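>>> missing the sequence, but the structure's below:
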């Protein structure tokens, strides 16, 4: 308990400073509201239901976009490693698309699909496919030939070999690709909601900031930040659990 | 590169055959890319989708040519590049310094370590509205946002690299009379360089992504801002021109980063591996 507390000391000091500095007038109260005021504003947002309605919309977008990216990316990456024609077709495309800063797609999907869910889900899916596909491809390529031959010798068909041998041995790199994709997913979600959207948590932040309700804006910002942190930690734990055979 | 090459058997091949091999290599390397661009052009020309959603590729090129002609491309390009590289540069220098401090000092590790491990997975872009409130809508906010996002991969890579240096090397250096300062500059930094450079390679594309987002949100100049402006006026060629320009910038940045890595690590086993 004490060691845990000690390891959080830096964080606790920062939080204390955040509470005290505006109260004693070191920084202006409206520019950096003390933590307690932000917490009260958070309770207000939560009880008025605004946080939940916008939060559910954002969650839906993030989840659908990430799910599409993970499925398509995994299939694409494994197919590229398993079949030469697929590789010859997609590798140059992947190399050409990889350096595009993913945020440049924000106005493109807004142009195609407008301001609603479809546009944001497409953006997240398009942006997150590449890290997943690259992870799956590199992982599947590194699969030991001997394992595949043994599987073949024991009578596994092409599909069985892929699903039972190649995909599990690609898991470490695939999962770290997915972890990158999840981080990117939140960034794309929040920034596209801030820039081109009429709802969602990003829009809520922009709206609160624009109306000068800064303690509520800080509350919404911290909500997303902490949510991102929790998602990453849970996924890390999931990776350790899935890969515990290693 | 010699046009008339020798085949693996050492037999001189005819120029025609080697040209064919070369062409096949090119087709293998870039064929699908050209195919997709041709499909794009055809789909747009045959009006299979409205030109508003997908302007023909050549019109996008014409648009870029026009932007080069009236000088707007250079203005926007230089602004985007300047912000990206300034933010990236600060992130690299500060990130390596903080990383070394964390790896070498237990007090720093104890105080700052948890902050870094919390800060890394945080979606930092969400703090942009707060930075706007604090620093306004000009370059300060943009660059600070870029630094915040790009610094974490550098810090964690530096910590991992510096902690991975073999103890024996450090002990030998100590034995030969190296002070903490010599140790840092002549032992730890070079030994950790491959990992530090990997962290830096991760953070460069992040810097560009964030630079574009900040420009889109805050407006002003820069390619991101120009794309949003075209989007507002429903000029789809402008939007696609921006996408193409940013792809080329991203490609060039990543390429130069790779070249830099090879140059800096010429002495390292990693770079010499291809020679064998």
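Sure thing, it's come through. Please read these numbers as outputs of a predicted model, since none were measured by experiment.
>>> give me the buried positions along stretch B:207-226.
Across stretch B:207-226, burial judged by 16 or more other Cβ atoms under 10 Å in any protein chain shown covers B:207-218, B:221-226. Backbone N, C-alpha and C define where each C-beta goes, glycine included.
>>> now for residue B:59: which residues touch it?
When contacts are counted by Cβ atoms under 8 Å, 6 or more residues apart in numbering or on different chains, residue B:59 touches residue B:237.
>>> give me the phi and psi for it.
phi -70, psi -30 (degrees, to the nearest 10).
>>> before we move on, back to that, out of the buried residues of stretch B:207-226, which touch chain A?
Intersecting these with the surroundings of chain A, defined as Cβ under 8 Å from any Cβ of the partner chain, gives B:208-213, B:216-217, B:224.
>>> host element of residue A:169?
Under the criterion of DSSP states H and E, residue A:169 resides in helix A:167-195.
>>> so which bits of whichever helix or strand comes after that helix are buried?
Once the chain leaves helix A:167-195, the next helix or strand it forms, by DSSP H and E, is helix A:201-210. Buried residues in helix A:201-210, defined by neighbour count with 16+ other Cβ under 10 Å: A:201-209.
>>> between those, which is nearest residue A:236?
The shortest approach to residue A:236 among those belongs to residue A:201, at 22.8 Å (Cβ to Cβ).
>>> in contact with the closest one, which residues?
Counting by Cβ under 8 Å, 6+ apart, residue A:201 has contacts A:51, A:54-55, A:57-58, A:190, A:193, A:220, A:223-224.
>>> out of the residues you listed, which touch chain B?
Among these, the residues lying close to chain B (Cβ under 8 Å from any Cβ) are A:190, A:224.
>>> can you tell me how far the residue lying farthest from the centre of chain A is from chain B?
Here chain A reaches farthest from its C-alpha mean at residue A:153, the gap being 40.3 Å by Cα atoms, centre = their mean. According to Cβ to the nearest Cβ, to the nearest Å, residue A:153 stands 32 Å off from chain B.
>>> what's the spacing between that residue and residue A:217?
Between residue A:153 and residue A:217 the distance, using Cβ to Cβ, to the nearest Å, works out to 63 Å.
>>> and of the buried residues of helix A:201-210, the nearest to residue B:256?
Nearest to residue B:256 among the buried residues of helix A:201-210, with distances taken as Cβ to Cβ, is residue A:202, at 32.9 Å.
>>> please identify the helix or strand for residue A:228.
Using DSSP H and E, residue A:228 sits within helix A:214-242.
>>> show me what that helix is packed up against.
helix A:35-48, helix A:50-82, helix A:167-195, helix A:201-210, helix B:128-135 (3 or more Cβ pairs under 8 Å, 6 or more residues apart in numbering or on different chains; DSSP states H and E).
>>> residues of that helix that come out buried?
A:214-225, A:227-229, A:231-232, A:235, A:239.
>>> now do the helix holding residue A:169: which elements does it pack against?
When contacts are defined as 3+ Cβ pairs under 8 Å, 6+ apart, helix A:167-195 packs onto helix A:50-82, helix A:106-113, helix A:117-141, helix A:201-210, helix A:214-242, helix B:128-135, helix B:189-218.
>>> residue contacts, the residue most central in space within chain A?
Centroid-nearest residue in chain A, with Cα atoms, centre = their mean: residue A:182, separated by 2.3 Å. Taking Cβ under 8 Å, 6+ apart, we find residue A:182 in contact with A:66, A:128, A:231-232, A:235.
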